[in-house]
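Q: Predicted coordinates and the sequence they were generated for:
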Amino acid sequence: MRGLQWFNALSAGATTVSGLPNSLKVADGVLGDQPVRFIAVVTDPHNRFPRARNGEVGLLEGWGLAKAVDEVIETGDKRPLIAIVDVPSQAYGRREEALGIHQALAAAADSYARARLAGHPVIALLVGKAMSGAFLAHGYQANRLIALRDPGVMVHAMGKASAARVTLRSIEELEALAASVPPMAYDIDSFASLGLLWETLTVSQIEQPTREDLARVSDCLVQAIKDVQAGGVDLSGRLGAANRAASAHVRQLLREQW
């Protein structure tokens, strides 16, 4: 419910966008002095796809995100997009695979990327889990990533139980490994050490944001938008951390050789 709570708080007084799945909350409002579109994926206990009833990003959500972002691109007004991220996973199911969830999530990621490259500042606010293909589809293409500091805010390619099965380790062994290998960890500090976060914020009530929490986060979002508008549309800023030195070196060699 974190995604919904933060969406409601940030978009208070905004105009709700209709014609989208119930698992998507989209509204056009104002942040600072700029018109913005707020987007969140939320739980929908009546979702026609059972695997996408707890905030997962599935078929309806992938195509719905693409539609919500494309609508903004078509206006041509360079309006910022605020992606509020609290997604536990992509939707895993036989129907999802048969009906092309890979295409639905790719469509969402593509729309966010095209919006970013077209000059729309895309800011992702991580208020809960940012997992798996769900995060790739909703938030990871952002110019700037902002995370709230809380044990419930986690980033990873898969949940701990799944990661333990894939690596043939217990969850305890996985957690011990994560202490020395940042990409294996789930906590925000480890993720920040990879250079992917623009800012982290501490709030007093992450489940039910106070007025002060809302003001602090809103100010940070406004600053992130201005930073994007001054700095350009690419994602090169993500390679500056020490733990990304090898990635930066590989890219440099590829540029030199090509």
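A: Yes, it's here. Being a predicted model, the structure only gives us computed values, none of them experimental.
Q: which strand in this structure runs the most residues?
A: In the chain, ranked by residue count with DSSP state E as the criterion, the top strand is strand 122-131.
Q: What is that strand packed up against?
A: Identification of packing neighbours for strand 122-131 by 3 or more CB pairs under 8 Å, 6 or more residues apart in numbering; DSSP states H and E yields helix 2-10, strand 81-87, helix 101-117, strand 144-148, strand 154-156, helix 211-231. For every residue, glycine as well, the C-beta is placed using N, CA and C.
Q: Specify the angle between the fourth one and helix 2-10 in degrees.
A: Angle of strand 144-148 versus helix 2-10, following axes from the mean of the first three to the mean of the last three CA atoms, to 10 degrees, is 100 degrees.
Q: so where do the strands sit in the stretch 151-258 of the chain?
A: Using DSSP state E, counting those that start in this stretch, the strands of the stretch 151-258 of the chain run over residues 154-156, 199-201.
Q: Select from these the stretch with the lowest mean pLDDT.
A: Among these, strand 154-156 carries the lowest mean pLDDT, a mean of 87.
Q: Quickly run through the sheet partners of it, with directions.
A: Strand 154-156 sits in its sheet next to strand 122-131 (parallel), going by DSSP bridges.
Q: Skip ahead from the partner strand and say which helix or strand is next.
A: Using DSSP states H and E, the next helix or strand after strand 122-131 towards the C-terminus is helix 132-137.
Q: Look up how far A130 lies from Q205.
A: Noted for Q205: a distance of 20 Å to A130, by CB to CB, to the nearest Å.
Q: returning to what we had before: tell me the angle of the longest strand of the chain relative to helix 101-117?
A: 150 degrees.
Q: Check V233 and give its pLDDT.
A: 90.
Q: how about it, what does it touch?
A: R116, L117, A118, G119, N143 (CB atoms under 8 Å, 6 or more residues apart in numbering).
Q: for L221, same thing?
A: L10, L31, I82, I123, L125, I146.
Q: need these in CSV with neighbour count, can you?
A: Shown next, in CSV, are these (neighbours: other CB atoms under 10 Å):
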residue, neighbour count
L10, 23
L31, 20
I82, 27
I123, 26
L125, 28
I146, 22
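Q: Could you provide those residues in JSON lines, with additional columns for distance to Q90?
A: Formatted as JSON lines, these follow (distance: CB to CB, whole Å):
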{"residue": "L10", "distance to Q90": "24"}
{"residue": "L31", "distance to Q90": "28"}
{"residue": "I82", "distance to Q90": "21"}
{"residue": "I123", "distance to Q90": "22"}
{"residue": "L125", "distance to Q90": "20"}
{"residue": "I146", "distance to Q90": "22"}
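Q: picking up where we left off before, more crowded one of Q205 and A130?
A: Ranked by neighbour count (other CB atoms under 10 Å), Q205 and A130 place A130 first, with 26 against 10.
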